[in-house]
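Prediction below, plus the sequence it came from.
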Amino acid sequence: PRRHRVGEQLRAARIHPVRVEAHRIGATLVVLLVPYLIGQAVAFAVTARTFPPGVHLWAGYLLLGVFGILVAVALGWACGLLLGPVFAPLTAALGFLLLITLLPASGFSVVSGRPEVAVDPVVLSLALGLAVALLLTMVWLPAGTGPGRAPCRAVALVPAALGLAVLVGTTAMVTDREPPGDRALCVEGSTTICIWPEQEKYLPGMRVVLGRVDQLPAVFARPERINEYGLQQAVVVDEGNTEPVIGEGVHPYFSIMEGSPWSYAGDIGKAITSRTFGFLNYRACSWERTTDADVVRLSTLDKWLEAYLVGASTPDYQTNAPAALQEAWAKGRALAAESPQADQFRWAESEVKDLRGRYCQPQG
């Protein structure tokens, strides 16, 4: 009987249960939203000092966070109303965890906003409307409902809850953006490296990497252009292959992951080695015949180039690659860190010529 004491007191109060429930839900939302909004305001104030490109995207992610809080409150409140005190917290916590883990494609939970994607305002508006409708419906449910005694009016939750579930499960709140076209920021040299306008602060780093690319021996073939991921959406699809592959006219790409120079230097290095060794030219080269020893040599060269472009020898990432590859990678990074640049270039040029001569037909 004690478990229903709060409910009985609320029903006996002079204030209408609807107002009581509205105050309780409102207070919960204030407690959760105020710290979140203060943090967002501080982040905006720091960023808005210079108003960099893409600052307008912040509003979408702000509202996406608000939506997540509304859903969390709605789920927890519904469990508290319709379930017992033992099962309600566990059900609410596990239920929200499942929403985040089982629906990653919907963009329900976003850790960082990449420049090639943005929040879809139409989908988010519908989701926010359904979440608010769900909370407003709960206001009309009697407070303090005991386990197994859910009122008939709880059925009113079904339309909003079902609509929200269908929307989140079948649509994506974070969708691809249109490429910026001529607004892309590029640095030019022996190749052209282009990034999204929103990545403007990484432009100096791109210039440093391009300067190192320009110094590479002539034996390294540079792609005409290397784009940040998402700047070019055209792909070539092989017949009978459902996966898009890079083909003629499609530039190689790189990603800037959490600002790490290792992320984009590694991709840029792979674009150069791919062009140098003709990895995509199956008629001119026969890399399927590569021996284990030469695979190790290629791996050593690959990681040497990555470390050389970064200008450091200790990567900021870890892998679970086989021991043989790990050893080859460590050797390549050690060469970049310990040997004079002239010696590095002589070694790299010799490796490229020898490996390409083993597996590729002479050109010209």
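Cool, got the structure.

Now do the closest residue to Leu29 other than its chain neighbours, the pLDDT please.
Distances taken as CB to CB, 6 or more residues apart in numbering place Val73 nearest to Leu29, at 6.0 Å, with adjacent residues excluded. Where you see a C-beta, it was placed from the backbone N, CA and C, and this is true even at glycine. For Val73, the pLDDT comes out at 89.

Check Gly364 too.
What the model reports for Gly364 is a pLDDT of 45.

Same check on Ala41?
Among the per-residue scores, Ala41 holds a pLDDT of 94.

again, but for Leu210
Leu210 carries a pLDDT score of 96 in this model.

Would you agree it is in contact with Gly189?
Yes: under the contact definition of CB atoms under 8 Å, Leu210 touches Gly189, with a separation of 4.7 Å.

in the protein, what spans have low per-residue confidence?
1-15, 84, 101-108, 142-154, 234-249, 280-282, 362-364 (pLDDT under 70).

Of all the helix elements in it, which one is longest?
Scanning the chain for the longest helix, with DSSP state H as the assignment, gives helix 17-47.

quick one, helices of this protein?
Using DSSP H, the helices of the chain run over residues 5-12, 17-47, 58-82, 87-102, 121-139, 157-170, 203-215, 261-277, 292-310, 323-338, 341-359.

from the chain's centre, how far out does the fourth one sit?
For helix 87-102, the gap between its own C-alpha mean and the chain's C-alpha mean amounts to 23 Å (CA atoms, centre = their mean, to the nearest Å).

ok, now the third one?
In this view, helix 58-82 has its centroid 21 Å away from the chain centroid, taken as CA atoms, centre = their mean.

tell me the angle of that helix relative to helix 87-102?
Going by axes from the mean of the first three to the mean of the last three CA atoms, to 10 degrees, helix 58-82 is angled at 150 degrees with respect to helix 87-102.

list the helices and strands helix 58-82 packs on?
Packing contacts for helix 58-82, counted by 3 or more CB pairs under 8 Å, 6 or more residues apart in numbering; DSSP states H and E, involve helix 17-47, helix 87-102, strand 117-119, helix 121-139, helix 157-170.

before we move on, what about the fifth one?
Applying 3+ CB pairs under 8 Å, 6+ apart, one finds that helix 121-139 contacts helix 17-47, helix 58-82, helix 157-170.

Then the fourth one?
Using 3+ CB pairs under 8 Å, 6+ apart as the contact definition, the elements that helix 87-102 packs against are helix 58-82.

what's the answer for the second one, then?
Counting by 3+ CB pairs under 8 Å, 6+ apart, the packing neighbours recorded for helix 17-47 are helix 5-12, helix 58-82, helix 121-139.

Let me know which of the helices and strands packed on helix 58-82 is the nearest to Trp347.
For these, proximity to Trp347 was assessed by CB to CB; strand 117-119 is nearest, at 40.9 Å.

gap between the closest one and the chain center?
11 Å.

Residues touching that strand, excluding its own?
When contacts are taken as CB atoms under 8 Å, 6 or more residues apart in numbering, the neighbours of strand 117-119 outside the stretch itself are Leu57, Gly60, Tyr61, Leu63, Leu64, Gly107, Met173, Val174, Thr175, Asp176, Arg177, Gly230.

For the third one, which residues are in contact?
Which is Tyr61. Listed by CB under 8 Å, 6+ apart, the contact set of Tyr61 reads Val110, Gly113, Val119.

Need those in CSV (columns: distance to Leu29 and neighbour count).
Rendered in CSV, the data for the contacts of Tyr61 read as follows (distance: CB to CB, whole Å; neighbours: other CB atoms under 10 Å):
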residue, distance to Leu29, neighbour count
Val110, 21, 17
Gly113, 24, 17
Val119, 21, 22
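
Sort out which one of those residues lies nearest Tyr308 for me.
Nearest to Tyr308 among those, counting by CB to CB, is Gly113 at 30.9 Å.

roughly how far apart are the closest one and His56?
Distance of Gly113 to His56, computed by CB to CB, to the nearest Å: 12 Å.

Ok, Pro261 next?
Distance check for Pro261 against His56: by CB to CB, it reads 27 Å.

burial of Tyr130, as a residue count?
Wrong residue type there; residue 130 is Leu, not Tyr. Using other CB atoms under 10 Å, the number of residues around Leu130 comes to 24.

I figured it was touching Gly163, is that so?
Yes: applying CB under 8 Å as the test, Leu130 and Gly163 come out as touching, 5.2 Å apart.

about what we covered before: would you convert the helices and strands packed on helix 58-82 into TSV that also reports distance to Ala221?
Conversion of the helices and strands packed on helix 58-82 to TSV gives the following (distance: least, CB to CB, whole Å):
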stretch	distance to Ala221
helix 17-47	40
helix 87-102	43
strand 117-119	32
helix 121-139	43
helix 157-170	45
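
Many thanks, I have nothing further to ask.
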